[in-house]
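Asks: here's a sequence, model it:
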Amino acid sequence: MLQSTLAISFLLIAVCSNLPMAINKEKKLPQTLSRGWGDDITWVQTYEEGLYQAKESNKPLMVIHHLEECQYCQALKKAFSEHTAIQEMAQNHFIMLNLRHETTDKNLSPDGQYVPRIMFVDPSLRVRADITGRYSNRQFTYQPEDMDLLESNMKKALRLIPTEL
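Replies: Model prediction:
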């Protein structure tokens, strides 16, 4: 009886001590450039690189302006990263860039420099100021409940490609 209790105790200790290692192996390390917006998405590092890849690949560039310490940005990031359709489109049909600072292209801030702000640039390198969110005072901002609108705007950015070029 004592031997079986001891054997079960050792087995339990062995399993429990290896459990954290098994859990850690399953965790996927986040891609550095994703910053939590979608680890399966390929992200470009700079605005200039994004413009180049958009032109070369004939895909629109989606630029997400955000700050790490902004609670609205964090809420949007969570909703964005959990929305399956948005993640799929971003992964397969867009050149993706998320910025924690402003660019020198003033076309990316037609109504001010605020965060969060999401804008589209077509492959001809034209900023799509006509693809906006639902707010008139901050036209390019989205909130977590606006993911269906963002998905619709992403589809609009894709539809415009053949007719705009």
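Asks: check which residues of the helix or strand Met147 falls within are buried.
Replies: Using DSSP states H and E, Met147 maps to helix 147-164. Neighbour-count burial for helix 147-164, with 16 or more other CB atoms under 10 Å as criterion, is recorded at Met147, Leu150, Glu151, Asn153, Met154, Ala157, Leu158, Leu160. (Each C-beta comes from the backbone N, C-alpha and C, glycine too.)
Asks: surely the fifth one is in contact with Phe94?
Replies: Yes: between Met154 and Phe94 there is a contact under CB atoms under 8 Å: 7.1 Å.
Asks: who touches both of these two?
Replies: Shared contacts of Met154 and Phe94, defined by CB atoms under 8 Å, 6 or more residues apart in numbering, comprise Met62.
Asks: now for Thr42, how many residues are close by?
Replies: Residues lying near Thr42 (other CB atoms under 10 Å) number 15.
Asks: please read the previous query as pertaining to Ala79.
Replies: 17.
Asks: that one is in contact with Leu149, isn't it?
Replies: No: between Ala79 and Leu149 there is no contact under CB under 8 Å: 11.5 Å.
Asks: list the buried residues in stretch 82-89.
Replies: His83, Ile86, Gln87, Met89.
Asks: go on, stretch 54-61?
Replies: Within stretch 54-61, the residues that count as buried by 16+ other CB under 10 Å are Ala54, Lys55, Lys59, Pro60, Leu61.
Asks: could you check how far the fourth one is from Thr84?
Replies: Taken as CB to CB, to the nearest Å, the spacing of Pro60 relative to Thr84 amounts to 20 Å.
Asks: also the third one?
Replies: As judged by CB to CB, Lys59 and Thr84 stand 20 Å apart.
Asks: one step back: from the buried residues of stretch 54-61, pick the one nearest Val127.
Replies: Distances from Val127 to those, taken as CB to CB, are shortest for Leu61 (9.3 Å).
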